[in-house]
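1. got a structure for you, letters missing:
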């Protein structure tokens with residue numbers, strides 16, 4: 001289980017489904033910069049929220065295998081950066097505002113639910129012009145907080161049988177009196 005990879009996969013699935021023609025990358029990938037405009041996703045922080053929830057009983061399937069489910073909720077701080085060349089000042093900005101708006105649509109909510117995400121809050125879009133050697137680029141940033149649920153299912157081993165033996169000395173009777181009790185517990189039904 002790789003929680004950051006699972007979270008990034010979930011974010012990518014939501015955004016790439018909403019905008020299939022966009023170039024989408026993750027920050028700090030150590031590769032060449034793609035052609036602009038492109039969207040960069042940066043998961044900056046992941047905090048466990050509350051306590052884990054452990055299923056109280058073992059779920060048994062038709063084959064007799066048992067599993068226990070553990071669920072942990074997280075808050076993920078995610079920055080979406082849309083970088084575009086300043087050839088047309090509105091292209092990159094329009095794309096970022098489409099992204100911001102799309103997070104609040106029914107289609108996005110369904111995608112988020114499918115990918116264990118839930119948009120909790122976000123800040124207004126910020127515009128940051130950046131002058132490079134030859135051109136000016138526009139960076140539009142959208143800081144968001146997503147709720148993220150991580151689920152782990154583990155297989156449970158079964159105890160076929162157990163035996164408990166108790167030895168009682170001087171059980172309220174004459175000295176050196178001993179009572180030995182044995183309890184046998186088996187998964188097999190007895191007649």
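-> Alright, I've got the coordinates. Only a predicted model underlies this, so the values are computations on that prediction, with no experimental measurement involved. Numbering: from 1, shown residues only.
2. which helix is the longest one in the chain?
-> Looking across the chain with DSSP state H, the single longest helix is helix 3-18.
3. Quick one: mean pLDDT for the helix or strand just after it?
-> As assigned by DSSP states H and E, the chain's next helix or strand after helix 3-18 is strand 24-26. Strand 24-26 shows a mean pLDDT of 92 in the predicted model.
4. Strand 24-26 - contacts with which helices or strands?
-> Helices and strands touching strand 24-26, as assessed by 3 or more CB pairs under 8 Å, 6 or more residues apart in numbering; DSSP states H and E, comprise helix 3-18, strand 38-54. Every C-beta, even on glycine, is put in place using the N, C-alpha and C of the backbone.
5. thinking again about what came up before, tell me the average confidence for the longest helix of the chain?
-> pLDDT averaged over helix 3-18 gives 93.
6. and if you look at stretch 110-128?
-> Here the average pLDDT along stretch 110-128 is 92.
7. residue contacts, residue 167?
-> Residues in contact with residue 167 (CB atoms under 8 Å, 6 or more residues apart in numbering) are 178-180.
8. rerun that using 7 Å as the cut-off
-> 178, 180 (CB atoms under 7 Å, 6 or more residues apart in numbering).
9. Quick check: which element contains it?
-> Per DSSP H and E, the secondary structure element for residue 167 is strand 161-169.
10. re the thing from before, now the longest helix of the chain against strand 38-54, angle please.
-> Angle, helix 3-18 to strand 38-54, by axes from the mean of the first three to the mean of the last three CA atoms, to 10 degrees: 130 degrees.
11. residues in contact with helix 3-18?
-> For helix 3-18, the external contacting residues (CB under 7 Å, 6+ apart) are 24, 26, 39, 41, 43, 46, 76, 78, 102, 107-108, 111-112, 115-117, 148, 150.
12. which of those residues are buried?
-> Among the contacts of helix 3-18, the ones that count as buried by 16 or more other CB atoms under 10 Å are 24, 39, 41, 43, 46, 76, 78, 108, 111-112, 115-117, 148, 150.
13. Taking those residues together, which two end up most distant?
-> Maximum pairwise distance in the buried ones among the contacts of helix 3-18, criterion CB to CB, is 24.3 Å, between 39 and 150.
14. roughly how far apart are residue 67 and residue 82?
-> According to CB to CB, to the nearest Å, residue 67 stands 42 Å off from residue 82.
15. So the two - more neighbours on which side?
-> residue 82 (26 against 13; other CB atoms under 10 Å).
16. looking at it, the more buried one is touching residue 36, isn't it?
-> No: counting by CB atoms under 7 Å, residue 82 stays clear of residue 36, with 9.2 Å between them.
17. Endpoints of stretch 15-33, how far apart?
-> 19 Å (CA to CA, to the nearest Å).
18. With stretch 104-120 instead?
-> 11 Å.
19. Please state the offset of that stretch from the chain centre?
-> 13 Å (CA atoms, centre = their mean, to the nearest Å).
20. Then stretch 97-117?
-> Centre to centre, stretch against its chain (CA atoms, centre = their mean), the figure for stretch 97-117 is 16 Å.
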